[in-house]
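Asks: return atomic coordinates for the entry below.
(one chain, ligands or ions: 2)
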Amino acid sequence: MNILLLGSGGREHALAWKVAQSPLCDQLYIAPGNAGTSQIGKNLAIGVSDFEAQDRAVEEHNIQMIIVGPEQPLVDGVYDYFSAKGIPVFGPSKAAAELEGSKDYSKKFMQKYGIPTAAYASFDQSELNQALEYLEGQSYPLVVKASGLAAGKGVLICETKEEAILAVQGMLSGSSFGEAGNTIVIEEFLKGIEISIFVLTDGKDYVLLPSAKDYKRIGEGDTGLNTGGMGAISPVPFADESFIKEVEELIVKPTMKGIREEQLDYKGFIFIGLMIVDGKAYVLEYNVRMGDPETEVVIPRLQSDLLDLILKAQKGELAGSNVEVDARTCATVMLVSGGYPEAYQKGKQMRGMDEVKDSILFYAGTKEENGHVLTNGGRVIAITSFGDNIKEAVAQSLAEGEKISFEGKYNRNDIGFDLV
Ligand code: AMP
Ligand code: GLY
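Replies: Residues are numbered from 1 along each chain as shown. Ligands and ions are numbered 1, 2, ... in the order given. Okay, the predicted model is just below:
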């Protein structure tokens with residue numbers, strides 16, 4: 001079958017790489033894609049939420065299935081748009097995508113289905129005074145979140161009440177995150193260790209994919225500004241069989257029950273961000289897609305045919321499916337543009353990718369121009385390696401990363417540091 005994959009990051013290159021290995025895949029199209037996805041399939045210069053242009057491409061290229069990488073088109077209703085035309089989409093419906101698109105909705109969902117999560121209260125623009133009053137009785141640090149999509153930036157950890165007041169005022173006035181801050185969630189601060197769990201579901205049944213941990217801060221030792229993710233590892237050593245079993249019972253199954261009872265049309269990935277506090281898992285957030293760069297370590301470990309699983313999920317026939325996983329450790333190290341996550345330059349020529357033999361390269365913010373690969377984003381390329389342990393896998397990615405050059409290149413050297 002011909003497939004259209006939406007997105008342009010390292011996540012989409014990894015998904016494209018895996019889907020294209022399936023005997024079920026004929027031609028793969030990626031919209032808009034990047035300099036890596038064009039080596040696997042055909043890039044189409046179409047935006048991820050330009051459904052009308054996607055529809056024309058579906059017609060023109062006889063596309064039978066759409067797989068969605070990022071959250072924006074899901075929240076914008078890509079599933080509903082194409083389902084109405086009889087084109088299967090792997091990704092949740094617009095209503096189900098609110099599990100990521102509205103933190104207020106997802107917290108209510110968690111509460112209703114008894115899913116462990118931080119204590120919270122939510123407020124809308126008409127409730128500024130109540131929100132400020134609420135801050136009086138809280139202990140600090142406290143977490144203030146814009147409820148809507150804010151490109152991963154809408155979460156503020158406030159050390160003091162004064163900081164929280166400014167955060168609440170900024171969000172509810174619309175000045176800090178626009179519409180995303182029209183409703184806010186104020187949440188208890190959880191101190192612990194984070195881990196991400198990935199589920200592939202047809203809305204009734206599910207399979208678990210490998211767990212992963214990503215490293216969000218720009219600086220070594222988890223310091224400095226938040227980024228989209230500077231690297232990741234899978235599996236997470238402390239997430240052994242009994243831990244995963246417990247997470248399944250206390251979090252994954254109640255989540256699936258909620259999806260069924262709320263009658264959410266959900267055929268897609270669920271990415272559950274957890275904080276482990278004194279051995280107990282709390283849900284920080286749901287994402288209705290895979291993580292980036294977590295995908296770059298989760299998908300290479302998958303030995304099963306991903307497209308086969310996706311097709312089964314799409315048809316509601318996932319029951320009884322198994323997932324085969326490579327037992328080795330997988331690490332990815334992201335090379336980024338100097339200055340990221342603040343201002344950075346684009347259009348820098350990249351060299352040396354052909355010399356990388358012992359790692360898998362997943363291109364992110366890159367483009368091809370006149371036979372050259374140029375940087376075209378903050379996160380540029382993910383270098384994924386296997387090893388017997390985290391140290392080995394990361395060392396391999398770092399060694400191979402040395403071969404790639406572009407002006408301003410930066411990466412963290414300590415991915416996985418807290419787990420070895
Ligand atoms: P979210 O988008 O809700 O996952 O938040 C983004 C990041 O903020 C998380 O990955 C955590 O590192 C941090 N965070 C979110 N909520 C909390 C919380 N209640 N306590 C501590 N850290 C949090
Ligand atoms: N790496 C975190 C995310 O994809 O949201």
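Asks: specify the local secondary structure of the one residue in the stretch 301-420 of the chain that gets nearest to ligand 1.
Replies: Nearest residue of the stretch 301-420 of the chain to ligand 1: D418, at 13.2 Å (Cβ to the nearest ligand atom). Glycine gets a C-beta too; all of them are placed from N, C-alpha and C. At D418 the chain is in helix, as set by DSSP: H, G, I helix; E, B strand; the rest coil.
Asks: got a list of what L28 touches?
Replies: L28 makes contact with N2, I3, L5, A16, V19, A20, I40, G41, K42, according to Cβ atoms under 8 Å, 6 or more residues apart in numbering.
Asks: do that again at 6 Å, thanks
Replies: I3, A20, G41 (Cβ atoms under 6 Å, 6 or more residues apart in numbering).
Asks: V89 touches I66, doesn't it?
Replies: Yes: using Cβ atoms under 6 Å, V89 is in contact with I66, at 4.6 Å.
Asks: neighbour count for those two, which is higher?
Replies: Neighbours were counted for V89 and for I66 using other Cβ atoms under 10 Å; I66 has more, 27 against 23.
Asks: quick check: bridge partners of the more buried one?
Replies: Beta-bridge pairing of I66 under DSSP bridges involves L4, V89.
Asks: count of neighbours near the residue of the stretch 301-420 of the chain closest to ligand 1?
Replies: So D418, with other Cβ under 10 Å, has 12 neighbours.
Asks: for the residue of the stretch 251-400 of the chain found nearest ligand 2, which three-state class applies?
Replies: Per Cβ to the nearest ligand atom, G291 is where the stretch 251-400 of the chain lies closest to ligand 2, at 3.5 Å. For G291, the assignment made with three-state DSSP gives coil.
Asks: between V89 and I66, which contacts overlap?
Replies: Here V89 and I66 share the contacting residues F82, scored by Cβ under 6 Å, 6+ apart.
Asks: anything in stretch 181-190 near ligand 1?
Replies: Yes: applying Cβ under 6 Å from any ligand atom, one finds stretch 181-190 touching ligand 1 at E187, E188, F189, L190.
Asks: buried among those residues? Make that a ChimeraX selection.
Replies: Buried members of those, defined by 16 or more other Cβ atoms under 10 Å, are picked up in ChimeraX with:
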select :187,190
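Asks: show me the residues of stretch 181-190 next to ligand 1 that map onto strands.
Replies: In this view, the residues of stretch 181-190 next to ligand 1 that belong to strands under DSSP state E are E187, E188.
Asks: for the residues of stretch 181-190 next to ligand 1, give me CSV that also has pLDDT.
Replies: CSV is the format used below for the residues of stretch 181-190 next to ligand 1 (pLDDT from 0 to 100):
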residue, pLDDT
E187, 97
E188, 96
F189, 97
L190, 97
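Asks: and S196, that's in a helix?
Replies: No: using three-state DSSP, the assignment for S196 is strand, not a helix.
Asks: okay, now the unreliable bits of the chain?
Replies: The chain contains no residues with pLDDT under 70.
Asks: chain neighbours aside, what residue packs nearest to K94?
Replies: Leaving aside its sequence neighbours, K94 sits nearest to G77 (Cβ to Cβ, 6 or more residues apart in numbering; 3.8 Å).
Asks: quickly note the distance from the residue of the stretch 301-420 of the chain closest to ligand 1 to ligand 2.
Replies: Relative to ligand 2, D418 is positioned 16 Å away (Cβ to the nearest ligand atom, to the nearest Å).
Asks: picking that back up, isn't the residue nearest to K94 up against A96?
Replies: No: using Cβ under 6 Å, G77 is not in contact with A96, being 10.7 Å away.
Asks: tell me which of these two has more neighbours.
Replies: Using other Cβ under 10 Å as the criterion, G77 and A96 rank with A96 on top: 24 against 17.
Asks: surely that one meets F269?
Replies: No: using Cβ under 6 Å as the test, A96 is too far from F269 to be in contact (11.7 Å).
Asks: close to ligand 1: what parts of the protein are there?
Replies: Within the chain, the positions near ligand 1 by Cβ under 6 Å from any ligand atom are A118, V143, K145, V155, E187, E188, F189, L190, E194, G273, L284, E285.
Asks: let's go with 8 Å and repeat that
Replies: 103, 118, 141, 143, 145, 152, 154-155, 157, 187-192, 194, 216, 226, 273, 275, 282, 284-285, 287 (Cβ under 8 Å from any ligand atom).
Asks: restricted to helices, list the residues you listed.
Replies: Those of the residues of the chain next to ligand 1 mapping onto helices are K103, per DSSP state H.
Asks: check contacts around the residue of the stretch 251-400 of the chain closest to ligand 2.
Replies: G291 is in contact with S196, F271, counting by Cβ under 6 Å, 6+ apart.
Asks: so H13 belongs to a helix, correct?
Replies: Yes: counting by three-state DSSP, H13 is found in a helix.
Asks: please report how far it lies from ligand 1.
Replies: H13 is 23 Å from ligand 1, by Cβ to the nearest ligand atom.
Asks: again with K213
Replies: 11 Å.
Asks: now whichever strand or helix holds that residue - C-alpha only, CSV.
Replies: Per DSSP states H and E: K213 is located in strand 206-214. Extracted in CSV, the C-alpha atoms of strand 206-214 (Å, rounded to 0.1, in the frame of the first residue of the first chain):
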residue,chain,number,x,y,z
TYR,A,206,-3.1,-2.3,23.2
VAL,A,207,0.5,-3.4,23.0
LEU,A,208,3.3,-1.8,25.0
LEU,A,209,6.4,-0.5,23.2
PRO,A,210,9.8,-0.2,24.9
SER,A,211,10.2,2.4,27.6
ALA,A,212,12.6,5.4,27.2
LYS,A,213,14.0,8.4,29.0
ASP,A,214,14.8,11.6,27.2
